[in-house]
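Student: Mind looking at a prediction? Sequence and model below.
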Amino acid sequence: MTEKSQRLRLLHLHSSFAAGGKELRAAKLMNAFDPRIDHTVISAVPGEIGAAAAVDRGIAVSYPDDFPALSGRPFPRRLLGVARAMLGHDLVLTYNWGAMDAVMAHTLFAEALSLPPLIHHEDGFNQDEAHKLKASRNVYRRLALARAQGLVVPSQRLEEIARTEWHQPRRMVHRVANGIPVSAYGGKPRPDALPRLIKRDGEAWLGTLAGLRAIKNLPRLVRAFAGLPTHWQLVILGEGPERDAIRAEADRLGVADRVHLPGFVGDPAKALGLFDLFALSSDSEQFPISVVEAMASRLAVVSPRVGDVAAMVAAENAPFITPAGDETALADALSRLAADPAARQAIGKANRARAEAEYDEAAMVAAYRRIYGGALGRATFP
């Protein structure tokens, strides 16, 4: 790729490019690939491009605002406009339900327009499908994916759904575990590593890393935390529309002075070491990167049994993965680990070892190179 005409052009169509797990993974892959690739990133939610901050300066990436809308009624004329906008690219990458109309547009017009190959990525579901998938969406996904060159999922649960609910053939479905640079995690951070928040002597921090969205059910975490001793603080790293709901629940329970929302942190490796215990409270997850980051940071994890979380953590951590939706069990697990520093240390050590063995990002990047290269008919991807 020495001439401009030979540069690969990748089109990324996201349900949102806010700073969430799948978006930050996409940014990480852009950074890992050849810097001479041209990336065009579209968010189905206008203006939601917070993950752009995670893309290295040397990467050729644009965020045009004149791309056809990814959401709306799937009338042929609208879908034709979306399909035409794919022309001029070498590979189309689509992400989650919010980009499924683009996948349908590709299937309908790929042959007529000689469209580039398309790989779809599914990372989980919003609140409206947290507990039960919608039959109409299953049918739509099944039809839309008919001409895709591949479907990438991070979890065993999503792989099963893709095969049984969306009827995707085995050769189409690629399960790639989310990875991180494990060696970058686990160091001792400065007490002031977070903006507007300093860890003081004698404090213990229960932390989480999540987009502040309804699916994460962070008011549940506030309730589970509220019974911990007063030297414990709850620190929620992330941004999103549920900030006021979290604050309101902390106010209602009288723990607002111990619940902190310092905002999005661009480099979690520099902050997670401040935590003494990590927790999730989500209604739905698949393979949350935040859990891998916590494990790499030598933290014990308390979480509902959602997605692959129970299979991700070390065996020593398994008793603290609680039944989904059981708030009492979640609070009890937090209480037991908060009172047992030795257990937290032992579990954190085991989680770190598992992260080193299973979840380093080098394997993830290599897998994506194989998948994208295969879609382009190449032995390797730059």
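Tutor: Arrived safely, thanks for sending.
Student: alpha carbons only for contacts and neighbour counts from here, please
Tutor: Fine.
Student: Tell me how far the residue nearest to Leu337 when sequence neighbours are not counted lies from Tyr95.
Tutor: In space, Leu337 comes closest to Arg344 once its chain neighbours are excluded; the distance is 6.2 Å by Cα to Cα, 6 or more residues apart in numbering. When distance is defined by Cα to Cα, to the nearest Å, Arg344 is 36 Å away from Tyr95.
Student: cool, Phe278 as well?
Tutor: According to Cα to Cα, Phe278 stands 28 Å off from Tyr95.
Student: Likewise for Asp56?
Tutor: Separation of Asp56 from Tyr95 (Cα to Cα) stands at 21 Å.
Student: who's more crowded, these two?
Tutor: Comparing Asp56 with Tyr95 by neighbour count (other Cα atoms under 10 Å), the higher total belongs to Tyr95, at 27 against 15.
Student: Name the nearest residue to Gly20, ignoring sequence neighbours.
Tutor: Nearest residue to Gly20 in three dimensions, chain neighbours excluded: Gly211, at 5.9 Å (Cα to Cα, 6+ apart).
Student: who's in contact with that neighbour?
Tutor: When contacts are counted by Cα atoms under 8 Å, 6 or more residues apart in numbering, Gly211 touches 19-20, 237-240.
Student: One more: Ala350?
Tutor: 298, 314, 316.
Student: does the first one sit in a helix, a strand or a coil?
Tutor: Okay, so that is Arg298. Under the three-state scheme (DSSP: H, G, I helix; E, B strand; the rest coil), the conformation of Arg298 reads as coil.
Student: what mean pLDDT does the helix or strand where the residue nearest to Leu337 lies have?
Tutor: For Arg344, the element it lies in under DSSP states H and E is helix 341-358. Helix 341-358 carries an average pLDDT of 97.
Student: CA-only coordinates of that helix in CSV, if you can.
Tutor: Only the C-alpha atoms of helix 341-358 are listed here, as CSV (Å, rounded to 0.1, in the frame of the first residue of the first chain):
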residue,chain,number,x,y,z
PRO,A,341,-9.3,-8.3,52.0
ALA,A,342,-7.5,-11.6,51.9
ALA,A,343,-10.2,-13.2,49.6
ARG,A,344,-10.1,-10.1,47.4
GLN,A,345,-6.4,-10.4,47.0
ALA,A,346,-6.4,-14.1,46.3
ILE,A,347,-9.2,-13.8,43.7
GLY,A,348,-7.6,-10.8,42.1
LYS,A,349,-4.4,-12.8,41.7
ALA,A,350,-6.2,-15.7,40.0
ASN,A,351,-8.2,-13.3,37.7
ARG,A,352,-4.9,-11.7,36.6
ALA,A,353,-3.4,-15.1,35.7
ARG,A,354,-6.5,-15.9,33.7
ALA,A,355,-6.5,-12.6,31.9
GLU,A,356,-2.8,-13.1,30.9
ALA,A,357,-3.6,-16.6,29.6
GLU,A,358,-6.8,-15.9,27.8
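Student: which element follows that helix toward the C-terminus?
Tutor: Secondary structure here is assigned by DSSP H and E; on that basis, the next helix or strand after helix 341-358 toward the C-terminus is helix 361-375.
Student: can you pull the buried residues of the helix holding Arg344?
Tutor: Along helix 341-358, these residues count as buried under the neighbour rule (16 or more other Cα atoms under 10 Å): 343-345, 347-356.
Student: and it, how far from the chain's centre?
Tutor: Its chain's C-alpha centre and that of helix 341-358 lie 22 Å apart, by Cα atoms, centre = their mean, to the nearest Å.
Student: Which residue ranges of the chain form helices?
Tutor: Using DSSP state H, the helices of the chain run over 21-32, 76-84, 100-113, 135-144, 156-164, 218-225, 243-252, 289-296, 309-312, 327-338, 341-358, 361-375.
Student: Identify all contacting residues around the shortest one.
Tutor: Pointing back at helix 309-312 there. With Cα under 8 Å, 6+ apart as the contact definition, helix 309-312 has outside contacts at 285-288, 291-292, 303, 318, 321.
Student: Can you give the distance of that helix from its chain's centre?
Tutor: Relative to the centre of its chain, helix 309-312 is centred 15 Å away, using Cα atoms, centre = their mean.
Student: In that helix, which residues are buried?
Tutor: Residues of helix 309-312 classed as buried by neighbour count (16+ other Cα under 10 Å): 309-310, 312.
Student: thinking Leu228 is in contact with Leu337, fair?
Tutor: No. Under the criterion of Cα atoms under 8 Å, Leu228 is not in contact with Leu337, lying 10.4 Å apart.
Student: per-residue confidence for Thr328?
Tutor: Looking at Thr328 specifically, the model assigns a pLDDT of 97.
Student: swap in the one 3 residues further on?
Tutor: pLDDT, the model's per-residue confidence, is 98 for Ala331.
Student: how much space between Glu358 and Thr164?
Tutor: Glu358 sits 26 Å away from Thr164, going by Cα to Cα.
Student: hang on, the earlier thing: can you pick the most crowded of the contacts of helix 309-312?
Tutor: Ranked by neighbour count under the definition other Cα under 10 Å, these are headed by Val292 with 28 neighbours.
Student: Which parts of the stretch 1-150 of the chain are strands?
Tutor: Assigned strands in the stretch 1-150 of the chain, in chain order: 9-14, 38-43, 60-62, 91-95, 118-121, 150-153 (criterion: DSSP state E, counting those that start in this stretch).
Student: any chance of the ones you listed in JSON lines, plus mean pLDDT and distance to Pro68?
Tutor: Formatted as JSON lines, those follow (pLDDT from 0 to 100; distance: least, Cα to Cα, whole Å):
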{"stretch": "strand 9-14", "mean pLDDT": "98", "distance to Pro68": "11"}
{"stretch": "strand 38-43", "mean pLDDT": "98", "distance to Pro68": "10"}
{"stretch": "strand 60-62", "mean pLDDT": "97", "distance to Pro68": "15"}
{"stretch": "strand 91-95", "mean pLDDT": "98", "distance to Pro68": "14"}
{"stretch": "strand 118-121", "mean pLDDT": "98", "distance to Pro68": "17"}
{"stretch": "strand 150-153", "mean pLDDT": "97", "distance to Pro68": "23"}
